[in-house]
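Peer 1: The following comprises the amino acid sequence and a computationally predicted model.
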Amino acid sequence: MKYSYITPRKKSFFTKDFQLMFTFFNVTFLMLFITYIFLLFRSYQFDSRAQEIVLTKTETSQSIEKMELYTDKVTKEYLFAENIFTANSVLKDSITNLFDLVPNRITLSQAKLLENGLILYGITPNEDVYNFMLAAPLRSVFNRTYSSFYPAQNGWLRFVSTNYTDKEKEELNED
Amino acid sequence: MKIKISKQIIYLLGLSIILLILVLLFSFLVLVPQGKEYRIKRSIVKKQNLELRQLKDFEFDTQTKLKKLTSDNKHVIGAFKNKFDEKRFEKQYKKYFQSLKLSKRVKQKKQDTFNVYDVNTTSSINSPKNFYDFLDAVNKSDWIIKINFPIDFQRDSEAIKSSFTIQVYYRD
């Protein structure tokens, strides 16, 4: 005997409630998983970037080191060359001063420029002219001055003037 | 009043709780540590990037300075590389002298890192002015040359005989 006019529906486990819950958790898991994959991918990217940076930093440091070494070399060369150029210029000034120092009445026959001195050979009309016009300025330049005379054929005097600078004194003066 | 809870709802609730626990476990055991690691790595990369940028800036500055230094000192750099050639020297500087002769070069001890050659010269000049001009020109020569002591000037009728040593510096 039937009590209902409709046939009973088959009961299924996948009800609408279950589908809703299933979808909800599926979406949640998917989102979490996507986030996880994103984090993994970004971590991998950071790792590769970090390695790349370390490599670039090493290369850059090496390049800087090379450039600094070359800069040091060029600076050293430049300073060394400057010293030489200055020494040449100073030498030129010294020779100019030397020839300016000799008065017209005295004739030089030879001049020897030493590292710490000067030797002059020449002829002077008399000892006074030499002493006043050449020996005096030489004495003001050099620390030690020695002169010797011997007669020339025309009645004038040949002289040898030896002049030295004491390095120690020069250094003290510079200090 | 009695609330009837069907078995289906109980299963559903049970399953939901299990799934929720799974979600929480995944989040706290996997996702959160990974997130922390991500943040640490991001800050490390950020810091390294900053350091790299500073290093690159420094490299650029060093390069600029070096370029300026090399362009300012082209002559000196080139001159230190040139090996001394007596014939070329005589040819270049003969115009300052009536005669110029160079003796064989003698290698001296290294000064700093520079090789040094001593070359004795004997020459004859018309006036000291020629020698001054030579000294000016020697500073612009193809070699790094120092006029060394002793320098000897000797009167020889109308001319002045001079003899001096030049030191030539170069680098291998």
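Peer 2: Structure received.
Peer 1: Let me know the secondary structure of A:K10.
Peer 2: At A:K10 the chain is in coil, as set by DSSP: H, G, I helix; E, B strand; the rest coil.
Peer 1: measure it to B:K46 for me?
Peer 2: Look at A:K10 and B:K46: by CB to CB, to the nearest Å, they are 60 Å apart. In this view, the C-beta of every residue, glycine as well, is placed from N, C-alpha and C.
Peer 1: Which one's more surrounded, the two?
Peer 2: Legend: neighbour count by other CB atoms under 10 Å in any protein chain shown for A:K10 and B:K46, higher for B:K46 (11 against 5).
Peer 1: which helices and strands does the helix or strand harbouring the more buried one pack with?
Peer 2: B:K46 is part of helix B:32-72 when elements are defined by DSSP states H and E. Here helix B:32-72 touches helix A:16-101, going by 3 or more CB pairs under 8 Å, 6 or more residues apart in numbering or on different chains; DSSP states H and E.
Peer 1: partners of the lowest-mean-pLDDT helix or strand in chain B, with directions?
Peer 2: Scoring the helices and strands of chain B by mean pLDDT, DSSP states H and E places strand B:106-111 at the bottom, with a mean of 75. Here strand B:106-111 is paired, per DSSP bridges, with strand B:114-125 (antiparallel).
Peer 1: what about the next helix or strand after the strand it pairs with, average pLDDT?
Peer 2: For strand B:114-125, the succeeding helix or strand toward the C-terminus, using DSSP H and E, is helix B:128-138. The average pLDDT for helix B:128-138 rounds to 87.
Peer 1: what's in contact with helix B:128-138?
Peer 2: Outside helix B:128-138, the residues that touch it by CB atoms under 8 Å, 6 or more residues apart in numbering or on different chains are A:88-89, A:91-92, A:95-96, A:99, B:93, B:96-97, B:125, B:145, B:147, B:153, B:160, B:162, B:166.
Peer 1: Which among those count as buried?
Peer 2: The neighbour-count test (16 or more other CB atoms under 10 Å in any protein chain shown) marks A:88, A:91-92, A:95, A:99, B:93, B:96-97, B:125, B:145, B:147, B:153, B:160, B:162, B:166 as buried among the contacts of helix B:128-138.
Peer 1: The residues you listed: which two are farthest apart?
Peer 2: A:F99 and B:I145 (22.3 Å; CB to CB).
Peer 1: Can you give me every residue that contacts A:F99?
Peer 2: A:F99 is in contact with B:P128, counting by CB under 8 Å, 6+ apart.
Peer 1: Make sure B:Q154 is indeed in a helix.
Peer 2: No: secondary structure assignment places B:Q154 outside any helix; it is strand (three-state DSSP).
Peer 1: Map the structural domains onto the sequence of chain B.
Peer 2: Domain assignment for chain B, taken from automatic domain parsing, gives B:1-72, B:84-170.
Peer 1: for the residue lying closest to B:Q111 once chain neighbours are set aside, what are its contacts?
Peer 2: Counting by CB to CB, 6 or more residues apart in numbering or on different chains, B:Q111 lies nearest to B:Y169, which is 7.3 Å off, once chain neighbours are set aside. Residues counted as contacts of B:Y169 (CB under 8 Å, 6+ apart) are A:80, A:84, B:80, B:111, B:114-116, B:143-146.
Peer 1: Kindly indicate which of the buried ones among the contacts of helix B:128-138 lies nearest A:Y70.
Peer 2: Minimum distance to A:Y70 across the buried ones among the contacts of helix B:128-138 is 24.0 Å, recorded for B:I145 (CB to CB).
Peer 1: before we move on, back to that, quick one: mean pLDDT for the helix or strand hosting the residue nearest to B:Q111?
Peer 2: Assigned by DSSP H and E, B:Y169 belongs to strand B:159-170. Mean per-residue pLDDT for strand B:159-170: 87.
Peer 1: For the nearest residue in space to B:L19 that is not next to it in sequence, the count of nearby residues, please.
Peer 2: Using CB to CB, 6+ apart and skipping residues adjacent in sequence, the residue nearest B:L19 is A:F25, 4.5 Å away. Other residues near A:F25 number 17, with proximity taken as other CB under 10 Å.
Peer 1: Break chain A into its domains for me.
Peer 2: A:29-101, A:104-175.
Peer 1: Output those in TSV, with mean pLDDT appended to each entry.
Peer 2: Shown next, in TSV, are those (pLDDT from 0 to 100):
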stretch	mean pLDDT
domain A:29-101	93
domain A:104-175	85
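Peer 1: what's the closest of these to B:D57?
Peer 2: Nearest of the domains of chain A (CB to CB): domain A:29-101, 10.3 Å.
Peer 1: now that closest one, how far from the centre of its chain.
Peer 2: The chain centroid and the centroid of domain A:29-101 are separated by 11 Å, computed with CA atoms, centre = their mean, to the nearest Å.
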